[in-house]
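Participant: have a look; sequence and predicted model below, questions after that.
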Amino acid sequence: MDSFPMGKVTLMNKISLVYPCYNAQKMLQLQMSIWAGYPDLVRKLLEIVIVDDCSSFPTVADIVRNGPLLPLLDLKVLRICEDIPWNQHGARNLGAHVANSRWLLMLDIKHTVNSQSMFNLMKADLDTDFFYTFPCFRIEEDGSRWMEDRDGRPIKPHPNTYLVTKQKFWESGGYDEDYCGTYGGDGPFMRGLERVAKREYLPDFYITRWSPWIISDSMSHGGLRPIRDQGKTAYLNSRTAKVSSGKVYPINPMRFKWERVL
């Protein structure tokens, strides 16, 4: 059960929640129902940035316009104008570019945050020299929640889910868009982030991972996206070529046309 103080509370951390979204109508509708239930003391310090990575109809803007959010939240919707395969990291660069808060919470659309966890994060004693990872629950078909995978092993923190300042994000170089169009690139980004910030684990904040057997489009790979194995092979080939060239630092982010639609 959520537990929020009844009296006046000073929350320190303004947060921009950055979500790339691609052909995930059902997952986005679930997200909106959760965001709409955030209490006032959370909403006033939260900015939500949704980057539509060129979804087909209905677009993210179409879904949001029909939802309950516009009067309730500080929300931006951006749309990338070209369907670039596996461009979620370019979308994250764009989200980081337009976000207004000091702290960026980078999540995949399959990950949700309940109001209590968001409140815990806003009142946490955070250090700008660190970036933070957190535990992850999975949801079973019967609605039960587990911190173990189906083989019984604890679920590790998601490798591309973290909280970081906008300054440290860009000091790392952001995501290398040379890898967009392939399935990979989060590893080089995290290594770059670890060069400029220290990693710390936050046990009092957690995310929930929704799998496709619960929400069918939580991991949408439709449209022009290649199948994952082909995308991984393309990434490994690109990575090998970059390492051989010695030019591994990311340059020229946001190499695509985009527009703000909400």
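Facilitator: In hand now; what should we look at?
Participant: wait, residue 45 touches residue 17, no?
Facilitator: No. Look at residue 45 against residue 17 with C-beta atoms under 8 Å: they stay out of range, at 10.9 Å. Glycine gets a C-beta too; all of them are placed from N, C-alpha and C.
Participant: who's more crowded, the two?
Facilitator: residue 17 (24 against 19; other C-beta atoms under 10 Å).
Participant: can I assume the more buried one sits in a helix?
Facilitator: No. Assessed with DSSP: H, G, I helix; E, B strand; the rest coil, residue 17 is strand; it does not lie in a helix.
Participant: do you know the pLDDT at residue 6?
Facilitator: Here, the pLDDT recorded for residue 6 equals 48.
Participant: change the start of the numbering to 10 and stick with it
Facilitator: With 10 as the first residue, the last one maps to residue 15.
Participant: how many other residues sit next to residue 58?
Facilitator: 26.
Participant: let me see the contact set for it.
Facilitator: Going by C-beta atoms under 8 Å, 6 or more residues apart in numbering, residue 58 touches 25-28, 84-85, 87, 104, 107-108.
Participant: go with 7 Å
Facilitator: By C-beta atoms under 7 Å, 6 or more residues apart in numbering, residue 58 lies in contact with 25-27, 85, 104, 107-108.
Participant: same question, residue 107
Facilitator: Taking C-beta under 7 Å, 6+ apart as the test, what residue 107 contacts is 58, 85, 87.
Participant: same question for residue 186.
Facilitator: 98-99, 102, 262, 264.
Participant: report the secondary structure element holding residue 172.
Facilitator: Assigned by DSSP states H and E, residue 172 belongs to strand 171-174.
Participant: again, but for residue 21
Facilitator: Using DSSP H and E, residue 21 falls outside every helix and strand.
Participant: could you do residue 220 as well?
Facilitator: Judged by DSSP H and E, residue 220 forms part of no helix or strand.
Participant: how many other residues sit next to it?
Facilitator: 15.
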